[in-house]
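Visitor: okay, predicted coordinates and the sequence, questions at the end:
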Amino acid sequence: MRFTLKATLAGCAVLALAACGTPTDSGATTPAGGEATESLTSSSTLTVVTHGSFELPEELTDKFAEESGLDVTYVQPGDAGAMVNQLILTKDSPLGDVVYGIDNTYASRAWDSGILSEYQPEGLPATSVQFDAEGLTPIDFGDVCVNADTEWFEQHDLPVPTTLDDLVKPEYKDLLVVTDPSASSPGLSFLFATIGAKGDDWLEYWGQLKDNGAKVAAGWTEAYYTDFSGADGEGPYPLVVSYASSPAYAPTTEALLGTCFRQIEYAGVIDGAQNEEGARAFIDFMLSPEVQAAFPESMYMYPVVTDTELPEEWAANAPLATNPIEVSSEDIDANREQWIRDWTEAMG
Amino acid sequence: MLAALIPAAFLVLFFAWPAATLVARGFHDGSAWTIDGFRTVFGSRRTWSAVGFTLGSAALSTVVCLLLGLPGAYLLYRCTFRGRDLLRALITVPFVLPTVVVGVAFGSLLRRDGLLGWLGLEGTPVAILAAMVFFNYSVIVRTVGTMWSRLDPRLAQAAGTLGASPLRALRTVTLPALTPAIVSGASLVFLFSASSYGIVMVLGQSKYRTIETEIWFLTTRLLDLPSAAALSITQLIIVTIALWLSGRAQAHMTRALKLQPDVDAERVLDLSRDGGALITTLTVAIVLLGLPLANLVWRSLHRGGEFTVANYVQLAVEGGGSVSVWDALRTSLTTALAATALAVTLGMLVALVASRRPRRPLGRSALGALESLFLLPLGVSAVTVGFGYLITLNRPPLDLRSSIVLIPIAQAVVALPLVIRTLLPTLRAIDPRQLEAAATLGSTPWQVLRRIELPHLGRAVGLAVGFAFATSLGEFGATSFLARPDNPTLPVLIFRLFGRPGSENYGVALAASVVLAGLAGITMAAAERMRPKEVAAW
Amino acid sequence: MVSGLEVRDVTVKYGPTVAVEGVSLHVEPGTVIGLLGASGSGKSTLLRAIAGLQPLSSGAILWDGEDLAPVKVHKRNFGLVFQDGQLFPTMNVAKNIAYGLGKLPKAAQRERVEEMLELVGLAGYGVRKPTELSGGQAQRVALARSLAPSPRALLLDEPLSALDTALRRRLADDLARILRETHTTGVYVTHDHQEAYTVADVVAVLDEGQLLQLDSPESLRERPKNKQVAAFLGYRAFVTEAEAHRLGWQGSLETGEVLGIGPASLHLDPNGYEVDIIDQTLTVEDVEIKVALPDGQTATVSSPTKVDALSTRVTLAGGAVVPA
């Protein structure tokens, strides 16, 4: 990939040919609007818009800058939701050229509001079909699940719960801490999990959670490090909304795989980008084997290229859900606001 | 007047224009002007409860800060005892701590198995209130304390010889004389409390909403600009009323007061006389300020239940993620230096203009309005300004959105009000006769400025620099919208580390928080040493 | 039992500095004592000690024989007038004066305030704010405020020193009259002996914390205890009997005594002794002529007009007898 990327870019710079971006099937990779690749904009600088959790080893970002010959600036205007909304707000004069970190709960909103221009890179494996979203390239994914402090359950001689229904049983009273969906992204994912699982009865389910003493923390940090008993904060709650990957870093915990909502993170070329070429190169870079391999350790997500080798602890302690709970991106986009408002009314 | 134009232009460009543009967009649905936002927002019970909670919590926080802060001001600025300077620095540390750190420090104390869990305060408005007081206690202590230290002690003694008990003398003579400082401090606390976002989110467990959290929610989550704009206007009205009231009270009082710059009002601590103040202040310092800070330090020295300095070692050697702590520290320091230079330069210009003594009442009220205008950034949501930047500073030559320069600029906007509040009293304390004397001796206004006012100002600048530096060092709200992954400031790095799993990240984040707190403490202690006697801060 | 105020062997220290050292005084009820001394002499410290604002290092302050050590400032019922008034800036004049009248009913308070304003010559000033008063008016109000609760003693700490000379003289007369009219027991601190003579029945001269002399203004003027006291009272030149006679003095001195020459000791006299004029200063009332005495010391003599010559003739009409 390293060599091809360099060669491709060099070729583009000199020839500016259609062949550059799309050595295979050009129909699959040109934007839906039928825009020809010759008209790709290009510049010596590239601005990457990412969410607040973006982090890659410096060697990798340096390498990208060096090999592409681009002067790369990363901007980080908040979490995924704030980022998408800022991109929508700045549609007329885009914040950057390429965006990374839009997740599946914001994917259709991003596309529908016209802030993206389509690009389908060749590096995407066939297995990623399940993650398809219009105008966006899946880069990584993970599961938001309830995590349990298994040690605590052993000590208290209580079976570890497995399903959402278990969480409202009296034996698990005052054990769960969730995060606020209006402020935290895992919180929102867990809200979607309950909606996907409970359908129209989801508010009722939350009423039961509340009655069963579920605590609402503002964000993941507060929930995981202050309230959860299985992490270093050694709090009093043995159940917490976190990620399926978290147990890789806390061996005495496990994710309840029956409670998971899948979070997929995408990259996309921003509509009106000054450097579409560079934007595409960045997306290709995000799919490169080195970057994919770096995802677990750097951003705690699973690489979308599924044959990438995972770190040992991940293989051992952080399995993915086989049947994550699903809610369609369109459904989410249509109802997000109402759901959050309903939730706040019910829990506040 | 040119001197006022530069800072005013700065404020317009980097505060008023962005905020107003975003708000305006909320009132314009693309084709026509509309006030639907108001109808929607104020038709909802949720808004009214947010407005109520904002006003209620801010007012209560102000009252509690005053009740606890007045004895503190007396003890720390009127009495001398060993360790006083240390205590003064300690109480200022919370003021510059990022909310995420406060969340960790408070949360683990208040949770049901925490050291203070038996109080049952977790998730209650009392916890929010406690954190607001934690943040703002020092504001009252400093504002009132610096004035108290210059208040002629003979005033209270006069009351004593007329038969007034110490308590009556305090109530009827000393406190009324301190009203300008009390009003000034209280208005700051009210503004800080009313606009606090993180504290309400982290400690309120989503049960409590304020205007500020609603604006964040509506703007960042829903991009519901009409509703957000309606709330921003509401916030602005509340802030303006608060500033107007405080300005009026101050103008009313300041004229009547004769301060003694050279009176040495400090006296040795006397347990029988000052016992009450001592106990109150120590209780606040130990329980409210000390415990959370100590909790932070204690936790930073543990990993996996073991006592260790590993977190600090790792922080120093590896840093957080791909960024070394030294880089973050350097970014923080350079950003803070730039922000400080900006804020202090502009603040000096504003203070010089606002300290003029116009003869006409119209001129006087214009200057009062000018001063209040520069305090507005304290009361307007960071998210409104941050999102405003995106749609205003978006065309060359002002396309600064992805520029690193915007971070110190945003921080300077936040620090400017404090700088002005620090410098103005010094300039106003210059005896007008001194200026008149210089003028009659044939000095031009420029020479008066250079020979008399600037040297005077020079002594207060040290303190202003300290405030500006510490404020921008800890600033997170505005910075978080402008952050850069490759060179984060220390608070941004801490926030990111706390967002990652694994005991190492947690530990390093704690260690970094302690470093930040220490840095803030040292800055404030240094500023305290540079503090000239006649400066009534804030 | 000693009635009135008694200061018994009082010492006050600030850390290692001794501000007042072993001073004993007695103030009869209804009389005024002046504490006279230069700045740093300890006179204000002693006053603050009497008021209870300054703890004693040793000794005792007594009233009618009762030791005041356990009595707090606000229970002593001593009024105190400060150099710069210390009027409460947040209250108007009437409220200031009524401050110490808390126990009286409102109507009685109003009456007392009117009475006090009348006494200090400021009737009708009750609604004014302290900032609207001149320095002299402010001091009158301060005096009225202190007198209003009828304190058993009034302590005055250089009450006139912040005012200009002419006003000071006039107010000193007023003050003396008011203190006598109200039969107030007073302690009056000043560095101006003229003021002390006007107001006080007895004057205590203090220097470096020690009591140098306690006497009536007359004896103080005529017989200062030593050169130090005399110098403080304005006797700048000291001459022997022979020298004094040369200048035209008629009196006589015992062995070991000298004559102190003060501002009023020399008179212009066309038949007197010729002295060189060093300098002439115009004052409100006269011209102060500084002259050189035969032995080189300088003294002043008052003249109605400026003298247009290099020398003038004087006679030594009086002076203070001082141990050499």
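Guide: Structure received.
Visitor: how does the chain divide into domains?
Guide: You didn't say which chain, so I picked chain A. A:3-140+A:264-317, A:142-262+A:322-347 (automatic domain parsing).
Visitor: that answer is for a different chain, and I need it for chain C
Guide: Using automatic domain parsing, chain C is parsed into the domains C:5-230, C:234-323.
Visitor: and the gap between B:R450 and B:S443?
Guide: Note on B:R450: its distance to B:S443, by CB to CB, to the nearest Å, is 9 Å. All C-beta spots, glycine's among them, are computed from the backbone N, C-alpha and C.
Visitor: and these two? Which one has more around it.
Guide: Neighbour count, other CB atoms under 10 Å in any protein chain shown: between B:R450 and B:S443, B:S443 has more, with 16 against 12.
Visitor: wouldn't the more buried one be in contact with B:E453 here?
Guide: No. Using CB atoms under 8 Å, B:S443 is not in contact with B:E453; the gap is 11.2 Å.
Visitor: and B:R150, that one's in a strand?
Guide: No. Counting by DSSP: H, G, I helix; E, B strand; the rest coil, B:R150 falls outside a strand, being coil.
Visitor: let's have the domains of chain A in TSV, adding mean neighbour count and distance to chain B.
Guide: Formatted as TSV, the domains of chain A follow (neighbours: other CB atoms under 10 Å in any protein chain shown; distance: least, CB to the nearest CB, whole Å):
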stretch	mean neighbour count	distance to chain B
domain A:3-140+A:264-317	19	4
domain A:142-262+A:322-347	21	4
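Visitor: okay, those domains in CSV with mean pLDDT next?
Guide: Below are the domains of chain A laid out as CSV (pLDDT from 0 to 100):
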stretch, mean pLDDT
domain A:3-140+A:264-317, 80
domain A:142-262+A:322-347, 91
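Visitor: ok and the residue in chain C nearest chain B?
Guide: C:G100 (3.4 Å; CB to the nearest CB).
Visitor: list the buried residues of the helix or strand harbouring C:R168.
Guide: Secondary structure assigned from DSSP states H and E places C:R168 in helix C:165-181. For helix C:165-181, the buried set under the neighbour-count rule, 16 or more other CB atoms under 10 Å in any protein chain shown, comprises C:168-169, C:171-172, C:174-176, C:178-179.
Visitor: can I get the residues you listed in a markdown table including pLDDT?
Guide: Converted to a markdown table, the buried residues of helix C:165-181 look like this (pLDDT from 0 to 100):
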| residue | pLDDT |
| --- | --- |
| C:R168 | 84 |
| C:R169 | 84 |
| C:L171 | 86 |
| C:A172 | 89 |
| C:D174 | 88 |
| C:L175 | 88 |
| C:A176 | 90 |
| C:I178 | 88 |
| C:L179 | 89 |
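Visitor: of those, closest to C:T283?
Guide: The closest of those to C:T283 turns out to be C:R169 (CB to CB; 11.9 Å).
Visitor: the strands in the stretch 101-250 of chain A, which residues?
Guide: A:116-117, A:137-149, A:176-179, A:215-217, A:239-243 (DSSP state E, counting those that start in this stretch).
Visitor: make a markdown table out of the ones you listed and add distance to C:A148.
Guide: A markdown table is the format used below for the strands of the stretch 101-250 of chain A (distance: least, CB to CB, whole Å):
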| stretch | distance to C:A148 |
| --- | --- |
| strand A:116-117 | 83 |
| strand A:137-149 | 75 |
| strand A:176-179 | 67 |
| strand A:215-217 | 63 |
| strand A:239-243 | 71 |
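Visitor: tell me which of these sits nearest to chain C.
Guide: strand A:215-217 (48.5 Å).
Visitor: partner strands of the closest one and their direction?
Guide: strand A:176-179 (parallel) (DSSP bridges).
Visitor: helices along the chain, start to end?
Guide: In the absence of a named chain, chain A is used. All helices of chain A, identified by DSSP state H, fall at A:2-15, A:26-29, A:58-68, A:80-89, A:104-112, A:150-155, A:185-198, A:202-211, A:220-221, A:276-286, A:289-299, A:312-317, A:329-347.
Visitor: nope, chain C
Guide: C:43-51, C:93-98, C:106-119, C:135-147, C:165-181, C:193-199, C:217-222, C:227-232, C:241-246.
Visitor: tell me which element the nearest residue to B:R84 once chain neighbours are set aside is part of?
Guide: In space, and not counting its chain neighbours, B:R84 is closest to B:L76: 6.1 Å by CB to CB, 6 or more residues apart in numbering or on different chains. For B:L76, the element it lies in under DSSP H and E is helix B:45-78.
Visitor: got the angle between that helix and helix A:329-347?
Guide: Angle of helix B:45-78 versus helix A:329-347, following axes from the mean of the first three to the mean of the last three CA atoms, to 10 degrees, is 60 degrees.
Visitor: whichever helix or strand comes after helix B:45-78 - what's its average pLDDT?
Guide: Using DSSP H and E, the next helix or strand after helix B:45-78 towards the C-terminus is strand B:79-80. If you average the pLDDT over strand B:79-80, you get 86.
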